[in-house]
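Q: Quick one, what's the 3D model for this:
(chains A and B)
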Amino acid sequence: MTRQEIVDTTNEFLIDEIEVENENIAEDSRLKDDLGIDSLDFVDIAVIVERKFGFKIKAEEMMSVQTLGDFYNYIDSKINK
Amino acid sequence: MRRVVITGMGIYSCIGKNLEVVRESLYAGRSGIGIESLRTEYGYRSPLTGILDRPVLKGVLDRRLRTGLAEEGEFAYMATVEALGNAKIDADFLENNEIGIIYGNDSSAKAVIEAHEIIKEKKDTTLLGSGAIFQSMNSTITMNLSTIFKLRGINFTVSAACASGSHSIGLGLMYIRNGLQDIVICGGGQEINAYSMGSFDGLSAFSVKIDEPTKASRPFEAHRDGLVPSGGAATIILEEYEHAKRRGAPIIAEVVGYGFSSNGTHISQPSNEGCLKAMQRALDDAEMKSSEIDYINAHATSTPIGDTNEAIALDNLFCNTKPLISSTKSMTGHECWMAGASEIVYSTLMMLNSFVAPNINFETPDEYSAKLNIATRTVNKEINAYLSNSFGFGGTNSALIIKKCDF
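A: Sure thing, here's the model as predicted:
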């Protein structure tokens, strides 16, 4: 899966399932402060990521993920390693 | 003593998803019973059930507020929106006043079973999602509605089997009478999915008259063969009388009596002594005589033993005055945890509109019901006060008396 495909898939579920506002989607958007994603949303995102990308998010690996760009890169690193 | 009135009602049931449609259904004697074929696939004895679909809340509530709502929570949300609207309670009022919630619910089987299926398949609890816990607990309705409506008063769930909704109103009454709250949202919610009723079906308690589903629920009738499970939600806004007057709220009726008892006998078999004690206690609480009751909405679910015990108790207490009696479960099926609240909505609609809804399918009385004055057809009649019975597994009994409010 290319990085663009990861970006498209991620954006799609963030908008459709997590109901993030479309206009807030950007590489440098901060997950908590800009997108309003809270700790419970992360639990649901983990379920969706497992379904869409086939791996389980580890909480400790998410510590350094601050922006949407970081999140795309994290998914890329997990599925294209 | 502080008086307690009803200032709002809301309903989401198999005979209508708002008060107006439900009023029409009650008057017409319209059944909400049908067949869900999935139940047959699951091995149920009976596929009969109240038919009710889930509301679509996407676009109505934001995702975080929806995620924790199980099916019965969605029903309760719909009923409560209607009730708050009727009570003229808006978002600003909720923000600036302390309002409590005491709601009846006694299961959330679908959420529990679905979570279990995921755990079995994935072997990983983190893949259940954030809503599973909030949907799975018996208190799912109160925990969600208190968050959605920003409630800051008393907040808990009553789990008392098929008397849950009725006890919720009794407890709300007590909180307000005792000066602890001015407004309490009461009610009952009941899931209606095929996961939720398998174990109850396993007791052979359900009707298997599947040829004519709308005739399957026949409380007090000689040929009844069991109840029909159903569900939905009903909400009642209870408010202290002076408080309601001060804010210009619509005063719909007054809650004047709450009676309760526990049979202390068998876990599933009812006791006419227990029924009688609850009703007598409600009359005593209301300082009323049995002759002042114009209508009784019976608990009668259409099971042979339950209806017989209630009929004996009703005849004992009302043999001289013989008020009109009907069981709206003949139309709705048994709404279980919700029933004690929904039957207050149904009966209050009758009182407001001066009619008694029929006990449909009552064709032949049995030895005990022959002694009662059962409304076999819709009766146009003024009702000034009514009694509503609710009894549950474990021998929990609740009786409520509601009357028109004397201003």
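
Q: For chain A, what's the nearest residue on chain B?
A: Of all residues in chain B, residue B:130 sits closest to chain A, at 3.9 Å by C-beta to the nearest C-beta. The way it works is simple: take the backbone N, C-alpha and C, and place the C-beta from them, glycine included.

Q: what's the distance between that residue and residue A:74?
A: Distance, residue B:130 to residue A:74, by C-beta to C-beta, to the nearest Å: 20 Å.

Q: Same drill for those two, tell me which one is more crowded.
A: residue B:130 (20 against 17; other C-beta atoms under 10 Å in any protein chain shown).

Q: so is the residue minimising distance to the centre of chain B in a helix, a strand, or just coil?
A: With distances taken as C-alpha atoms, centre = their mean, the residue of chain B nearest its centroid is residue B:339 (2.2 Å). When classified by DSSP: H, G, I helix; E, B strand; the rest coil, residue B:339 comes out as helix.

Q: can I assume it is in contact with residue B:333?
A: No. Residue B:339 lies out of contact with residue B:333 (C-beta atoms under 8 Å); the separation is 9.4 Å.

Q: mind checking the end-to-end distance for stretch B:46-57?
A: 30 Å (C-alpha to C-alpha, to the nearest Å).

Q: anything in it near chain A?
A: No. Remark: stretch B:46-57 sits outside contact range of chain A, by C-beta under 8 Å from any C-beta of the partner chain, the gap being at least 12.1 Å.

Q: What are the buried residues along that stretch?
A: Residues B:46-52, B:54, B:57 are the ones in stretch B:46-57 that count as buried (16 or more other C-beta atoms under 10 Å in any protein chain shown).

Q: average model confidence for it?
A: When pLDDT is averaged over stretch B:46-57, the result is 98.

Q: Per-residue pLDDT of residue B:38, please?
A: pLDDT, read off for residue B:38, is 96.

Q: tell me which element it falls in.
A: Using DSSP states H and E, residue B:38 sits within helix B:37-41.

Q: mind checking how far the helix or strand just after that helix is from the chain centre?
A: Per DSSP H and E, the first helix or strand lying C-terminal to helix B:37-41 is strand B:48-50. Relative to its chain's centre, strand B:48-50 lies at 16 Å (C-alpha atoms, centre = their mean, to the nearest Å).

Q: hmm, who's touching the helix or strand just after strand B:48-50?
A: Moving toward the C-terminus from strand B:48-50, the next helix or strand (DSSP H and E) is helix B:63-67. The contact list for helix B:63-67 (C-beta atoms under 8 Å, 6 or more residues apart in numbering or on different chains) reads A:17-19, A:38, A:40-41, A:44, B:57-58, B:129-131, B:134, B:144, B:147-148.

Q: Would you indicate which residues of helix B:63-67 are buried?
A: Applying 16+ other C-beta under 10 Å to helix B:63-67 flags B:64-67 as buried.

Q: Show me where the stretch 251-400 of chain B has its helices.
A: B:272-286, B:304-318, B:329-332, B:339-353 (DSSP state H, counting those that start in this stretch).

Q: counting contacts, what elements does the third one pack onto?
A: Applying 3 or more C-beta pairs under 8 Å, 6 or more residues apart in numbering or on different chains; DSSP states H and E, one finds that helix B:329-332 makes contact with helix B:339-353.

Q: again, only this time at 10 Å
A: helix B:19-28, strand B:33-35, strand B:48-50, helix B:339-353 (3 or more C-beta pairs under 10 Å, 6 or more residues apart in numbering or on different chains; DSSP states H and E).

Q: neighbours of residue B:91, just the number please.
A: 10.

Q: Confirm for me that residue A:73 is in contact with residue A:3.
A: Yes. Taking contacts as C-beta atoms under 10 Å, residue A:73 lies within contact range of residue A:3: 8.1 Å.

Q: Looking at these two, which is more packed in?
A: Set residue A:73 next to residue A:3 and count neighbours by other C-beta under 10 Å: residue A:73 wins out with 16 against 12.

Q: Would you mind listing what in chain A touches chain B?
A: For chain A, the residues in contact with chain B (C-beta under 10 Å from any C-beta of the partner chain) are A:17-20, A:36, A:38-51, A:56-59.

Q: Quick check, pLDDT for the residue of chain B positioned farthest from its centre.
A: The outermost residue of chain B, judged against the average C-alpha position, is residue B:123 (38.1 Å), by C-alpha atoms, centre = their mean. You'll see residue B:123 listed with a pLDDT of 94.

Q: and it, how far is that from residue A:56?
A: Here residue B:123 is placed at a distance of 11 Å from residue A:56 (C-beta to C-beta).

Q: dump the residue contacts of residue 3.
A: Just so you know, I chose chain A. Going by C-beta atoms under 10 Å, 6 or more residues apart in numbering or on different chains, residue A:3 touches A:72-73, A:75-76, A:80.

Q: I was thinking of chain B, sorry if that wasn't clear
A: Residue B:3 touches B:176-177, B:239-242, B:244, B:251, B:254-256, B:405-406, counting by C-beta under 10 Å, 6+ apart.

Q: Can you classify the residue nearest to the spatial centre of chain A as helix, strand or coil?
A: The residue lying closest to the centre of chain A (C-alpha atoms, centre = their mean) is residue A:71, at 4.8 Å. Assigned by three-state DSSP, the conformation of residue A:71 is helix.

Q: follow-up on the earlier one: quick one: list the elements packing against the helix holding residue B:38.
A: Using 3+ C-beta pairs under 10 Å, 6+ apart: helix B:37-41 touches strand B:48-50.

Q: and the strand it packs on, which strands flank it?
A: With DSSP bridges as the test, strand B:48-50 is paired with strand B:33-35 (antiparallel).

Q: Show me which positions of the partner strand end up buried.
A: By 16+ other C-beta under 10 Å, the buried positions in strand B:33-35 come out as B:33-34.

Q: Next: stretch A:3-12.
A: Buried residues in stretch A:3-12 (16+ other C-beta under 10 Å): A:6-7, A:9-11.

Q: Now render those residues as JSON lines, adding secondary structure.
A: Output for the buried residues of stretch A:3-12, formatted as JSON lines (three-state DSSP):
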{"residue": "A:6", "secondary structure": "helix"}
{"residue": "A:7", "secondary structure": "helix"}
{"residue": "A:9", "secondary structure": "helix"}
{"residue": "A:10", "secondary structure": "helix"}
{"residue": "A:11", "secondary structure": "helix"}
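
Q: which residues does the closest residue to residue B:354 other than its chain neighbours contact?
A: Nearest residue to residue B:354, sequence neighbours excluded (C-beta to C-beta, 6 or more residues apart in numbering or on different chains): residue B:382, at 5.0 Å. Residues near residue B:382 by C-beta under 10 Å, 6+ apart: B:294-295, B:351, B:354-355, B:404.

Q: Output the residues you listed as a markdown table; include the columns neighbour count and pLDDT.
A: Output for these, formatted as a markdown table (neighbours: other C-beta atoms under 10 Å in any protein chain shown; pLDDT from 0 to 100):
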| residue | neighbour count | pLDDT |
| --- | --- | --- |
| B:294 | 20 | 98 |
| B:295 | 25 | 98 |
| B:351 | 23 | 98 |
| B:354 | 11 | 98 |
| B:355 | 20 | 98 |
| B:404 | 18 | 98 |
